[in-house]
Structure formats: structure tokens, C-alpha cells
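> Compute the structure for the input listed below.
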Amino acid sequence: MNILLFGQGGQVGWELQRSLSLLGTVTALDHDSTEHCGNFANPRGIADTVRALHPDVIVNAAAHTAVDKAEGEPDFARTLNATTPGVLAQEAAALGAWLVHYSTDYVFNGGGTQPWLETDATGPLSVYGQTKLEGEQLIQASGCQHLILRTSWVYAARGGNFAKTMLKLAQERDRLTVINDQWGSPTGADLLADVTAHAIRHLQQRPQDGGLYHCVAAGETNWHAYASHVIHEAQRLNPALVIQATDIAPVPTSAFVTAAKRPHNSRLNTTKLGETFGLTLPPWQQGVNRMLAEILSA
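Residues are numbered from 1 along each chain as shown. I've put the predicted structure just below:
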């Protein structure tokens, strides 16, 4: 199987290079790749890459994910999150290739407290959410064989993440203020990569199972509880770690002014994914604890 991966330098893309290598030959590209175009700001170049490489499966882990920055550059965000994925879908359809694409809970309006179903009405609050939704719609309209995985609160040991930021601040400050009215499930990039590889294998035998799915770790938390868990677990793993913060104060979203509006409810229902692909997704704490063990031993 020939697999073409875009976005190799990102958190999910980095893990995908590992998980996809078990399935076949992987050509991994990033925005600055030279031999073939991997720059999503250049839709025509991306189309040329697909035509030159004739992949059996295209996996797109590239995106404009700077949520606040997207508010000030909507056209650029739309190119990366919608226009170019739409071009990928057209090329996949022409080749008869599969397209795997990642989307986000930001396609919803963040209301209520129930985990969102794949069939629930969308209503993005931000440019990021709107352009990611447009990308989904273009892929679905192309007629290509596709797998779209909506996810949220993605982290990895490699690169920056919320947990690392909280640990750093907790060692520098006596008091932290963390939002407690946004709910979701921290999801490891490694989990997403492993689910992707499993799903691709499954779809080779059951192509009728393609479509849109939600993929997050099991359970739910808010940012304040997440930060508290990270700090306590880090101290358990490394008793010598000096934590200055004696107060982790919960605050509402309104305490922080951001360019893009954040959803309060980022919970995603993963029943469809689990039943279709025969998966039991691990609790979010398991992946976070493993990530902490890795970064604290580095």
C-alpha cells in the first residue's frame, strides 16, 4: 500500500509516520518539503504531488490550527482548512484513493452538556471552526472514499502542549488561574495515529464503513481539573519536582479575552467509532500520564 502523508511535522503527523509505516510505504511531506509540494497554501502544487505519486491512501494531518490567529487571516485559514483539502478530495476521487482527514469539535456551537453526535447540527463560533467545517463538506461532496475523524484537545509529548505549559507555570508562580467551564477530553496524537492505522486496515476490507466519526479519549474533564491532574501526577512521578503554585484557582472563560470564541462543550460521542471499528478507547488520564512520564524522564 502506498500512503501519502501531509503535515508530517505536526503532532499528529509525527505519530502517523510511526503507525502508518506498518501498513506500507509512506511518503511524508511537510510545508517546506522540496522534492514534492506539501505546502497547503499551494493547492495546485498539492494536486500535482498527488498526481505524481499515485497513492492508495492520502492522510491529511496538515491544517491551520492557530485558532485566534485565524480570526485575522480568514482567507489563509480557508485555503489551508477547506480549499486544499477539497482539492485533495477531488484528486483522491480521480485516483480511486482513500482520503483520511482530521476535523474538530469547533464545528459545533459548544452548547449544552451532552457529547456531540456525528449527526448533530453544526454551528461553528470561529473562523477556525467554520473553515474546518467547510473542509469536511468539500470532502463529502467530492464523492471520494473518505474517513473524517473529528477530535479535540490534542496533545503530544513532542512540541508544546497545555500540560507542559501548566507544569512550567506551576514551577514559576505561586498562583494559577485556569478555566473551569470548558469541557472536553484530552486526546493523545499517538492515540489518533493508532486509531487511524487500525481504521485504514479495516476499510480495506469494509469500504462501506467510511465516513465521519468522532475520535477522542474516553471520559471528560475541564481545563482546571486537567491542570490539577497534570500537576499532581507530575509530583507523584517526580517527587523532587519543585512546584511553587499552592493555589490553582478556577475561573470562567470570560476571565480570558481571546480573538476567537471557544466552545464550552467540546465533548464528542465516540459510540459510532467504537462499534464500527471494534475499539475501546482508553480513559484520557492514561494517555496524559504516559505523556508526563515521557517528558519528565527526558
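
> right, and N109 touches D120 too?
No: using C-beta atoms under 8 Å, N109 is not in contact with D120, being 9.7 Å away. Quick note: C-beta positions are derived from backbone N, CA and C, even for glycine.

> Compare neighbour counts for the two and give me the winner.
Legend: neighbour count by other C-beta atoms under 10 Å for N109 and D120, higher for N109 (18 against 15).

> Surely that one forms part of a strand?
No: counting by DSSP: H, G, I helix; E, B strand; the rest coil, N109 is not found in a strand; it is coil.

> what's the pLDDT at L138?
Here, the pLDDT recorded for L138 equals 98.

> and what of V178?
96.

> contact partners of the host helix or strand of it?
For V178, the host element (DSSP states H and E) is strand 175-179. Under the criterion C-beta atoms under 8 Å, 6 or more residues apart in numbering, residues 166, 169-170, 222-224, 226-227, 245-253, 255-256 lie in contact with strand 175-179.

> List the buried residues of it.
For strand 175-179, the neighbour count (16 or more other C-beta atoms under 10 Å) marks 176-179 as buried.

> Likewise for stretch 214-226?
Here stretch 214-226 shows 214-218, 220-224, 226 as buried, counting by 16+ other C-beta under 10 Å.

> can you check stretch 191-210 too?
191-197, 199-200, 202-203, 210.

> how close does A298 get to Q90?
To Q90, A298 is 42 Å away according to C-beta to C-beta, to the nearest Å.

> Next: N265.
N265 is 34 Å from Q90, by C-beta to C-beta.

> Could you export the buried residues of strand 175-179 as TSV, including distance to D56?
Formatted as TSV, these follow (distance: C-beta to C-beta, whole Å):
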residue	distance to D56
L176	48
T177	49
V178	44
I179	43
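
> Out of those residues, the closest to K69 would be?
I179 (19.6 Å; C-beta to C-beta).

> Just list whatever residues bridge to that closest one.
V251 (DSSP bridges).

> Y226 versus that one, what's the distance?
Relative to Y226, I179 is positioned 10 Å away (C-beta to C-beta).

> now do S33
Counting by C-beta to C-beta - S33 and Y226 are separated by 34 Å.

> Over to F256?
15 Å.

> Next: R262.
14 Å.

> picking that back up, adding distance to G184, write the buried residues of stretch 214-226 out as CSV.
Conversion of these to CSV gives the following (distance: C-beta to C-beta, whole Å):
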residue, distance to G184
H214, 12
C215, 13
V216, 7
A217, 10
A218, 12
E220, 7
T221, 7
N222, 8
W223, 9
H224, 12
Y226, 9
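
> ok, so of these, who is nearest L279?
Nearest member of the buried residues of stretch 214-226 to L279, counting by C-beta to C-beta, is C215, at 9.0 Å.

> quick check, V59 in a helix?
No: read with three-state DSSP, V59 is strand and lies in no helix.

> who's in contact with stretch 73-84?
Here stretch 73-84 has contacts from 40-43, 46, 62-64, 70, 127-128, 131-132, 134-135, 138, using C-beta under 8 Å, 6+ apart.

> So for stretch 78-97, what gets flagged as buried?
For stretch 78-97, using 16+ other C-beta under 10 Å, the buried residues are 78-93, 95, 97.

> what about T196, which helix or strand?
helix 189-205.

> could you give the mean pLDDT of that helix?
98.
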